[in-house]
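> give the three-dimensional model of this entry:
(one chain, ligands or ions: 1)
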Amino acid sequence: MDLLRAKISHGFDLLDADGDGALTEADHVTMGHRVRRLPARPHPGHPQADLDEAFAHLDLDGDGTLTATEFERAVIEYWSSTDPDAPGTWWMGRPAFDTALNTTDD
Ligand SMILES: [Ca+2]
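You can find the predicted model right below:
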């Protein structure tokens, strides 16, 4: 778990471009767009509105930024939680559970 936390902390530091210890909604949206463009890890596209809604779920104290603690919780929940109501399931936009239910192949 220490290695996982170290990697999450490193990711937070990369996104916290000004080093103030908080990610803004703009930082979160930028992260979402960058992750979607990674060829090795294709990610379903999310509309801007979903990313905005996601940030509101992740910003647990509603102060308009994500602290390292909020970010770490989000990443861990995103990859491990099966609870569609867990805030972290919104880390990369509308939870996949919801997206999967609204996707059709026809
Ligand atoms: Ca916050």
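> mind checking the SS state of Lys12?
If you look again at residue 12, you'll see it is Phe, not Lys. helix (DSSP: H, G, I helix; E, B strand; the rest coil).
> quick check, it in contact with Glu70.
No. Phe12 lies out of contact with Glu70 (C-beta atoms under 8 Å); the separation is 9.6 Å. Where you see a C-beta, it was placed from the backbone N, CA and C, and this is true even at glycine.
> so how far is Glu70 from Met31?
With distances taken as C-beta to C-beta, to the nearest Å, Met31 is found 13 Å from Glu70.
> now do the contacts for the spatially most central residue of the chain.
Per C-alpha atoms, centre = their mean, the C-alpha nearest to the average position across the chain is that of Trp91, at 2.2 Å. Taking C-beta atoms under 8 Å, 6 or more residues apart in numbering as the criterion, Trp91 is in contact with Ala54, Leu58, Ala74, Val75, Glu77, Tyr78.
> is the fifth one part of a helix or strand, or is it coil?
At Glu77 the chain is in helix, as set by three-state DSSP.
> count the neighbours of it for me.
Residues lying near Glu77 (other C-beta atoms under 10 Å) number 18.
> per-residue pLDDT, it?
Glu77 is assigned 91 on the pLDDT scale.
> quick one, strands of this protein?
22-24, 65-67 (DSSP state E).
> tell me which of the ones you listed sits nearest to Gln48.
Closest approach to Gln48 among these is made by strand 22-24 (15.0 Å; C-beta to C-beta).
> so where's the chain uncertain?
35-46, 96-106 (pLDDT under 70).
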